[in-house]
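# How does the following fold in three dimensions:
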Amino acid sequence: MKVIIVGGVAGGASAAARIRRLDENAEILVFERSGYVSYANCGLPYYIGGVITDAEELTLQTPESFYHRFRIQVKVRHEVTAIHPENKTVTVKNLNTGEEFEETYDKLLLSPGAKPTRPKLSGVDGERIFSLRTVEDTLHIRKFVEEHQPKTAVVAGGGFIGLEMAENLQELGVKVTILQRPKQVLPPLDSDMASQLHGLLRSKGITLKLGSSVAGFQNEGDTVVTFLENEKPLRSDMVLLAIGVTPETGLAREAGLELGIKGSIVVNDRMETSVPDIYAVGDAVEVKHRVTGSRAVIALAGPANKQGRIAGDNICGGNSVYKGSQGSSVIKLFELTAASTGINEKTAKEAGIEYDKVVLSPVSHASYYPGGKAMTMKVIFEKKSLRLLGAQIVGYEGVDKRIDVLATAIFAGLTGTDLKDLDLAYAPPYSSAKDPVNMAGFMIENLAEGRVKQFHWDQVESLPGDGSVTLLDTRTPGEYSRGHAEGFFNIPVDELRERIGELEKGKPVYVMCQSGLRSYIASRILCQHGFEVYNFSGGYRFYKMVTEDQLVKASSYPCGLEK
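Residues are numbered from 1 along each chain as shown. Prediction:
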């Protein structure tokens, strides 16, 4: 069996190695257009910033190491320019010599990935305007930074690559401005959860221009002018385009393969395309979203590697299936970590799913053990079934641990109330006896059982100020004096039973505290005294973070456990 693989990065390299492990006699030939194979896309910004100091660390394998270990032929700087399914051949061009030749195949795997989106704007091809996809791109940008010592940069796009590049450039002393058409960075997060990232970026000296659209570029000597729609232009020493990626599917289209959303390659759950003996994996393929069941294109390394393994199994006669993607992701941004899995509120609304959510601000480990740092968690679930739909976490420590637990729970089809029963590892330096994931389950159970009613940050301004409702803040007087939501008066939760007479019966009570815990206790007290009570989701810490679009300190004890 002769297998040709087009593209030697995540999906292609995984498939090649899997095929060899299953079939020692297969002839495996990998064509990679760039000069590198099996490289770490996700590490590229960190080489530019000097965090990764050796360029060789970016490549997990070389053509030589692939051959020595797996007897796989890897041809870098070779581009497959055409596929001929009727003859089961491909046309290949040697980019070093210009020579063209044909290769036959029994099985063909496409792993072309996705290319950075480059809008058709004036001046977009200027020499000081960069995009980042390959090792060559990385070396080019690193060389430019070293030789020209830029003082200012515009980063167009606030997704993963844009934010990581902004961080690394800023750490090099470059003054960065991020342009983002949506009014938030990191679109997998909801806008309320992204607000802490906005505060962090601004605290690091990065300028955010949210809701801004690029209209074109103009090169003026050593300066790039970035024109904006209905705004003054920006001048900088360099520009990085990171406004998204587009599936690289020209080959597939010309070969007559069926294409799907965003021009992606349609595959079944065995990673087979519409043409026999041709498979496709990675950022270029259309997949099923595991939560919504809808078609999706999810450009992440984890799914690409899994798909490569599955395609390799099936090329060798197996029967492996891909069970869908749910978009689990995590990013380090300076000292913060932001992570998400499943769908956010916006996607749930677009899918017509009736959902609810809980927001909590737990500490990363036991509060009595030194160094605990607050995180913000949002868990989204279907109202009737309580099926978990998605989760988002922003914090300093322990974020990756919790998002992986929640991602596993979503994959397994658990309900929100199942979270309370998970048996998770505990020791004071790492967690609490009631882990934050368990706490989310307790909160969902309280909502499902009708023990608690909620109100959210975007409903505070619409609460009537005519005295028809009671607005109550249950934090300490010291906390209250340092800031509170307008119209809320203060009775500390520990004094509430003695002062309950100060509340007028018959009026709904809206309760707030720092994190939602003390206000929950107050809600239970008041409910059992005949009041209709609504507990604020996320607490004043979350309210301040969202309404002021600011960073909340890592040592901000969410439950009022002040030292």
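
# contacting residues for the spatially most central residue of the chain?
Among the residues of the chain, the one closest to the centroid is residue 329, at 4.2 Å (CA atoms, centre = their mean). Neighbouring residues of residue 329 by CB atoms under 8 Å, 6 or more residues apart in numbering: 160, 188, 300, 339, 340, 341. No exception for glycine: its C-beta is placed from N, CA and C like everyone else's.

# mind checking how far it is from residue 481?
Look at residue 329 and residue 481: by CB to CB, to the nearest Å, they are 40 Å apart.

# With residue 487 instead?
16 Å.

# ok, now residue 50?
Here residue 50 is placed at a distance of 45 Å from residue 481 (CB to CB).

# do the same with residue 137
According to CB to CB, residue 137 and residue 481 sit 53 Å apart.

# quick one: which of the two has more around it?
residue 137 (16 against 10; other CB atoms under 10 Å).

# Now the more buried one. Nearest residue, chain neighbours left out?
Once flanking residues are discounted, residue 137 sits nearest to residue 131: 6.5 Å by CB to CB, 6 or more residues apart in numbering.

# Ok, residue 206 next?
Residue 206 sits nearest to residue 176 (CB to CB, 6+ apart), 4.9 Å away.

# quick check, the one you found in a helix?
No. The assignment for residue 176 (DSSP: H, G, I helix; E, B strand; the rest coil) gives strand, which keeps it out of a helix.

# On the pLDDT front, check it for me.
What the model reports as pLDDT for residue 176 is 97.

# so who does it touch?
Residue 176 makes contacts with 152, 153, 154, 155, 166, 169, 170, 205, 206, 207, as judged by CB under 8 Å, 6+ apart.

# Next: residue 340.
By CB under 8 Å, 6+ apart, the contact set of residue 340 is 188, 189, 327, 328, 329, 390, 391, 392, 393, 403.

# Just the pLDDT at residue 561, thanks.
Value for residue 561, per-residue pLDDT: 46.

# got the contact list for residue 496?
So, once contact is read as CB under 8 Å, 6+ apart, residue 496 ends up touching 474, 522, 525, 526.

# Next, the buried residues of the helix or strand hosting it.
Following DSSP states H and E, one finds residue 496 within helix 496-499. By neighbour count on 16 or more other CB atoms under 10 Å, the buried set for helix 496-499 is residue 496.

# Give the rounded mean pLDDT of it.
96.

# Please apply the same query to stretch 368-386.
Averaging pLDDT along stretch 368-386 gives 94.

# Would you work out how far apart the start and end of that stretch are?
Using CA to CA, to the nearest Å, the end-to-end distance of stretch 368-386 comes to 33 Å.

# do stretch 110-119 as well
End-to-end for stretch 110-119, by CA to CA: 25 Å.

# So for that stretch, what gets flagged as buried?
110, 111, 112, 113, 114, 115, 116.

# which residues touch it?
Residues from elsewhere that reach stretch 110-119 (CB under 8 Å, 6+ apart): 5-12, 15, 124, 131-133, 214, 241-249, 251-252, 265, 273, 278-284, 299, 304, 308.

# Give me the buried stretch members for the helix or strand containing residue 405, please.
With elements taken from DSSP H and E, the one containing residue 405 is helix 399-411. By neighbour count on 16+ other CB under 10 Å, the buried set for helix 399-411 is 399, 401, 402, 403, 405, 406, 407, 409, 410, 411.

# same deal with stretch 516-524?
For stretch 516-524, the neighbour count (16+ other CB under 10 Å) marks 516, 517, 518, 519, 520, 521, 522, 523 as buried.

# check contacts around the fifth one.
If a contact means CB under 8 Å, 6+ apart, then residue 520 has 446, 452, 535 as its contacts.

# and with 7 Å instead?
452, 535 (CB atoms under 7 Å, 6 or more residues apart in numbering).

# any idea of the mean pLDDT in the host helix or strand of it?
Here residue 520 sits within helix 517-527, counting by DSSP H and E. When pLDDT is averaged over helix 517-527, the result is 96.

# any idea which helix or strand comes after it?
strand 533-536.

# Would you mind pulling the contact partners of that following strand?
Identification of contacts with strand 533-536 by CB under 7 Å, 6+ apart yields 452-455, 508-512, 516, 519-520, 523, 526-527.

# so what strands line up beside it?
Take DSSP bridges as the rule and strand 533-536 pairs in its sheet with strand 454-455 (parallel), strand 509-512 (parallel).

# mind checking the backbone torsions on the closest residue to residue 161 other than its chain neighbours?
Spatial nearest neighbour of residue 161, excluding adjacent residues (CB to CB, 6+ apart): residue 242 at 4.4 Å. When read as degrees, to the nearest 10, the backbone of residue 242 gives phi -140, psi 50.
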